[in-house]
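**Student:** just the structure for this:
(one chain, ligands or ions: 2)
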Amino acid sequence: MNGLEASGVDAEITIFSDEQYFSCSPKDRYQPADIEQFYADVYADIKRTAVSYPPRKTFFGDSVPCQLVDGEARFFRTEMFGGQTNIWGGTVLPLTREDFEAWPISREELEPHYRAMADSIGIAGQRDRVSEFLQLDYSTAPAVKQLDGFKFLQGHINAHSETADYRIYAGTAPSAVETRSEVATSCVQCGECMVGCARDSIYSARSTLKQAIDRGAIRFVPSAVRSIRPNRDGPEVCSLDGKTESFSKVFLCSGCVATTEILMRSLNMSTGPVLQDNSIAQFPILNLSRHSDGRRDEYFGLTNLLLLMAPTNARVSLLQVQLYPNVDYLWRTLVPGWSWKIARHPVRWFRDRLIWARAYLDATASHQYLVTLENDRVVFTEKNRPGKDAFARCVSSLRQALRGSAFHLLPVKPVVAHTSAHLAGTFPYGGDLAPVGRDGQVMPGVHIADSSCFPTSPVISPTLTIMANARRTAIEALQK
Ligand SMILES: Cc1cc2nc3c(=O)[nH]c(=O)nc-3n(C[C@H](O)[C@H](O)[C@H](O)COP(=O)(O)OP(=O)(O)OC[C@H]3O[C@@H](n4cnc5c(N)ncnc54)[C@H](O)[C@@H]3O)c2cc1C
Ligand code: SF4
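**Tutor:** Ligands and ions are numbered 1, 2, ... in the order given. Prediction:
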């Protein structure tokens, strides 16, 4: 949408999307004076409905459905207005120059679009070792406040960054979070990000789209798209409710899974695309230093510290590690509601003493799935599983970096998460399944504008790149 508006073409924009949550969500019941009770009610809902522990990140108690592979829940499949940005972690970084090696464009070509999207969504961040490594900093607002334990850990890692396999760069995670105190939606550090941000401090596409619809800038069709048909008058969008409509251009941005499904139906393709994910290893770090904010009630409940682990030899590849506090969410969803008044005190004490690391592996060492269309729906068959080697090297390098500090990696096996929700690569640029041009064109007048056309799923959180590349795609497609 940003790209279509920036292209200078006087275009009428129509979006098709599932209308779920559009006009009503539990958040609409929220009253600032009543925040304690609001979250207590949402926690009660989560405990009633969660099917596993720990429950997944929610949108005010509603979880996003997962795609099943061999009967096992694997990755999210959003059919909600605003997509996964309703529940995402908000970490926003540009990719490295090397990430663009298989792309038809360079990072330099994407830089103006990164800048435009950063200005549009707002990025809380600062210049530090992470931006120094990336050689780009798109911050528009002060960084999210880190807890003291994380600040100290950042200093220690940067002073001991050389390990056998990696050089580690530690910094605050650039985040799409409103931190300017003068803005009505500024973060108040209530720590409830895993439940849902009642103040809308975390950027969501839902808010942007709703505002655009309300001011009449775009036309909204509350219906899912089934397929696209070539037509004399331009590509014809066929929706699931049986209606059809022609447009001069169609941009597919329904997320990698749904875009793949729409394209496979449209191209009469029964099998072939390979979906890439980034697997995550999760493990605890104990902070026995005297640096802690354990008595403070305020904290930010998502990434407080980000590590980029740059390879120093050919045996390994870039890793991203996000470090989370010991959030109330993990414990409040476990203990009975009546006991929280007591349980909250020890949990708070451990907030930056028990740190949760999430290490993202690159796509070649992660889950990959062959996609097949059966009975008009996509089905996934596992093609690749994460190997233990990459996790082991990551853990051993972190252990080296922490040597001599009061931070300790606990001797427990990392828990492997099935998905990072960073899905990509089914119809890549330069792939042989279908020709995808640099403007994302995959059928006449039909352009891919999400991560389906990424050549690989990058280790670095992809959404800022999805946004910037969608903007570039729209501008290039319209200026042709
Ligand atoms: C828990 C979680 C945490 C995450 N944290 C981060 C993070 O910190 N940083 C980061 O960079 N990324 C993160 N991500 C990933 C990020 O959310 C996605 O990369 C991003 O949302 C992808 O955007 P998208 O618009 O391509 O797809 P989506 O967000 O999936 O949006 C697709 C939209 O298309 C709609 N749609 C689907 N099918 C159809 C159809 N047939 N017709 C019409 N509309 C349709 C959906 O309803 C939805 O509105 C996270 C994801 C999750 C789940
Ligand atoms: S801590 Fe999280 S939930 Fe609370 S206001 Fe900030 S962003 Fe929102």
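
**Student:** when you work out contacts or count neighbours from here on, use the C-alpha atoms and nothing else.
**Tutor:** OK.

**Student:** all the helices of the chain, in order from the start?
**Tutor:** Secondary structure of the chain, counting by DSSP state H: helices at 2-6, 35-49, 107-121, 129-134, 148-159, 205-214, 255-266, 328-332, 340-349, 388-402, 463-479.

**Student:** tell me which of the ones you listed lies nearest to Ser420.
**Tutor:** helix 463-479 (12.1 Å; Cα to Cα).

**Student:** what are the buried residues along the closest one?
**Tutor:** Buried residues in helix 463-479, defined by neighbour count with 16 or more other Cα atoms under 10 Å: 463-478.

**Student:** what mean pLDDT does it have?
**Tutor:** Averaging pLDDT along helix 463-479 yields 96.

**Student:** quick one: low-confidence parts of the stretch 1-150 of the chain?
**Tutor:** Counting by pLDDT under 70, the stretch 1-150 of the chain has low-confidence residues at 20-30, 32.

**Student:** so where do the strands sit in it?
**Tutor:** Ranges of strands within the stretch 1-150 of the chain are 13-16, 66-69, 72-76, based on DSSP state E, counting those that start in this stretch.

**Student:** re earlier: need the helices of the chain in JSON lines with distance to Pro411, can you?
**Tutor:** Shown next, in JSON lines, are those (distance: least, Cα to Cα, whole Å):
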{"stretch": "helix 2-6", "distance to Pro411": "47"}
{"stretch": "helix 35-49", "distance to Pro411": "30"}
{"stretch": "helix 107-121", "distance to Pro411": "39"}
{"stretch": "helix 129-134", "distance to Pro411": "28"}
{"stretch": "helix 148-159", "distance to Pro411": "19"}
{"stretch": "helix 205-214", "distance to Pro411": "40"}
{"stretch": "helix 255-266", "distance to Pro411": "36"}
{"stretch": "helix 328-332", "distance to Pro411": "20"}
{"stretch": "helix 340-349", "distance to Pro411": "21"}
{"stretch": "helix 388-402", "distance to Pro411": "10"}
{"stretch": "helix 463-479", "distance to Pro411": "33"}
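
**Student:** so which of the ones you listed is nearest Leu319?
**Tutor:** Per Cα to Cα, nearest to Leu319 of those: helix 388-402, 7.9 Å.

**Student:** which one, of the helices of the chain, ends up nearest to Leu93?
**Tutor:** Ranking these by proximity to Leu93 (Cα to Cα) places helix 463-479 first, at 6.2 Å.

**Student:** tell me the angle the closest one makes with helix 107-121.
**Tutor:** Helix 463-479 and helix 107-121 are oriented at 100 degrees to each other (axes from the mean of the first three to the mean of the last three Cα atoms, to 10 degrees).

**Student:** rewinding a little: which stretch among the strands of the stretch 1-150 of the chain comes nearest Pro273?
**Tutor:** Pro273 lies closest to strand 66-69 among the strands of the stretch 1-150 of the chain, at 15.5 Å (Cα to Cα).

**Student:** for stretch 168-179, C-alpha coordinates in CSV please.
**Tutor:** The C-alpha trace of stretch 168-179 is given here as CSV (Å, rounded to 0.1, in the frame of the first residue of the first chain):
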residue,chain,number,x,y,z
ILE,A,168,29.4,-11.7,18.3
TYR,A,169,27.7,-8.3,18.0
ALA,A,170,25.4,-7.4,20.9
GLY,A,171,22.9,-4.6,21.0
THR,A,172,19.3,-3.5,21.7
ALA,A,173,16.9,-5.1,19.3
PRO,A,174,15.5,-2.4,16.9
SER,A,175,11.8,-2.8,17.4
ALA,A,176,8.6,-1.5,15.8
VAL,A,177,7.4,-0.2,19.2
GLU,A,178,6.3,3.3,20.0
THR,A,179,8.6,4.6,22.8
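
**Student:** say whether ligand 1 is contacted by that stretch.
**Tutor:** No: counting by Cα under 6 Å from any ligand atom, ligand 1 is not contacted by stretch 168-179; separation bottoms out at 7.7 Å.

**Student:** now that stretch: average pLDDT?
**Tutor:** For stretch 168-179, the mean pLDDT works out to 98.

**Student:** which one of the buried residues of helix 463-479 is nearest ligand 1?
**Tutor:** Taking Cα to the nearest ligand atom as the measure, ligand 1 sits nearest to Thr463 out of the buried residues of helix 463-479, at 3.6 Å.

**Student:** tell me the contacts of the closest one?
**Tutor:** Applying Cα atoms under 8 Å, 6 or more residues apart in numbering, we find Thr463 in contact with Val92.

**Student:** now it: how far from Gly404?
**Tutor:** 36 Å (Cα to Cα, to the nearest Å).

**Student:** strands of the stretch 301-450 of the chain, start to end?
**Tutor:** For the stretch 301-450 of the chain, the strands defined by DSSP E, counting those that start in this stretch cover 305-311, 319-324, 354-360, 368-374, 377-384, 407-409, 415-417, 441-443, 446-448.
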